[in-house]
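Enquirer: Give me coordinates for this.
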Amino acid sequence: MHRGRTGVADVALAKDFMDAALVCLGERGRGGVSAGEVARRCGVGRSAFYRCFSGPDQCLESAYREETGKLSGRLLRASGPASERVERGLEDLAAFLAGDRLRARALLMEARLAAGPPFQCRQECLKRLGDVLDAACRREGRQEPPSSAGLFLVGGVEQLAIRALNADRPEDFAADVPGITVLIVRTYGLA
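Expert: Next up, the predicted model:
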């Protein structure tokens with residue numbers, strides 16, 4: 001968030017701005033995300049937006065970090081064997097693709113096309129998700145895959161999700177969850 005005085009109301013409003021920015025991004029691409037449009041969707045003026053963020057790029061970065069943080073956080077906090085945690089994480093992703101297509105498009109497709117900070121943020125978040133997957137699976141695995149295994153697998157999952165969104169068939173990704181889970185389990189030698 002933008003530095004300056006922020007209160008509880010501004011924090012809640014910042015979350016609303018991030019949600020609105022993702023919807024704008026999903027509907028119209030990066031060109032459709034402006035401070036004015038995001039503020040209008042939240043029913044406030046542009047000055048309120050600039051109290052929270054320095055501009056649309058910072059808002060999108062924050063939204064992307066928050067959403068990917070939720071995904072990785074669920075994987076880290078979940079209990080049970082790594083293979084079950086991975087499968088539940090993939091099922092959560094499938095539910096997100098089916099239940100919130102605009103946000104999914106924004107996070108998985110449009111952020112790839114954005115230049116500058118949002119794209120760089122996306123790259124950092126993918127690496128972090130790969131590291132989280134790797135850490136969650138290496139502890140229990142019986143195999144020592146290459147150090148880039150987590151990032152490679154996360155990239156593959158992302159491509160399958162994008163393919164399903166492009167075809168407007170998120171159920172295709174849900175159908176792939178068992179196969180993706182098997183691939184991850186075999187990569188790490190999980191029980």
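Enquirer: Need the contact partners of the helix or strand harbouring Asp134.
Expert: Taking DSSP states H and E as the definition, Asp134 sits inside helix 117-138. Residues external to helix 117-138 that are found in contact with it (Cβ atoms under 8 Å, 6 or more residues apart in numbering): 30, 57-58, 60-61, 64-65, 68, 71-72, 75-76, 82, 85-86, 111-114, 144, 147-155, 158, 184, 187-188, 190. No exception for glycine: its C-beta is placed from N, CA and C like everyone else's.
Enquirer: could you flag which of those are buried?
Expert: For these, a neighbour count by 16 or more other Cβ atoms under 10 Å gives the buried set as 30, 57-58, 60-61, 64-65, 68, 71-72, 75, 82, 85-86, 111, 114, 149-151, 153-154, 158, 184, 187-188, 190.
Enquirer: Identify those among those that sit within helices.
Expert: Among the buried ones among the contacts of helix 117-138, the ones falling in helices (DSSP state H) are 57-58, 60-61, 64-65, 68, 71-72, 75, 82, 85-86, 111, 149-151, 153-154, 158, 184, 187-188.
Enquirer: what residue lies at the spatial centre of this protein?
Expert: With distances taken as Cα atoms, centre = their mean, Thr68 lies nearest the centre of the chain, 3.7 Å away.
Enquirer: State the pLDDT value of the closest residue to it other than its chain neighbours.
Expert: When the adjacent residues along the chain are set aside, Thr68 lies closest to Cys125, with 3.9 Å between them (Cβ to Cβ, 6 or more residues apart in numbering). The predicted local confidence for Cys125 comes out at a pLDDT of 79.
Enquirer: How many neighbouring residues does Cys125 have?
Expert: The burial count assigned to Cys125 is 22, neighbours taken as other Cβ atoms under 10 Å.
Enquirer: With Asp19 instead?
Expert: Asp19 has 17 neighbouring residues, counting by other Cβ under 10 Å.
Enquirer: Phe119 too?
Expert: Residues lying near Phe119 (other Cβ under 10 Å) number 18.
Enquirer: And stretch 29-45, what's buried?
Expert: Residues of stretch 29-45 classed as buried by neighbour count (16+ other Cβ under 10 Å): Arg30, Gly32, Val33, Ser34, Ala35, Glu37, Val38, Ala39, Cys42.
Enquirer: Can you pull out the low-pLDDT segments for this structure?
Expert: Judged against pLDDT under 70, the low-scoring parts of the chain cover residues 1-9, 75, 111, 113-118.
Enquirer: What lies in contact with the helix or strand where Leu22 lies?
Expert: Assignment of secondary structure by DSSP H and E places Leu22 within helix 8-28. Contacting residues not belonging to helix 8-28 are listed as 1, 6, 32-34, 37-39, 41-42, 44, 48-49, 51-53, 56, 59-60, 62-63, 66-67, 101-107, 110-111 [Cβ under 8 Å, 6+ apart].
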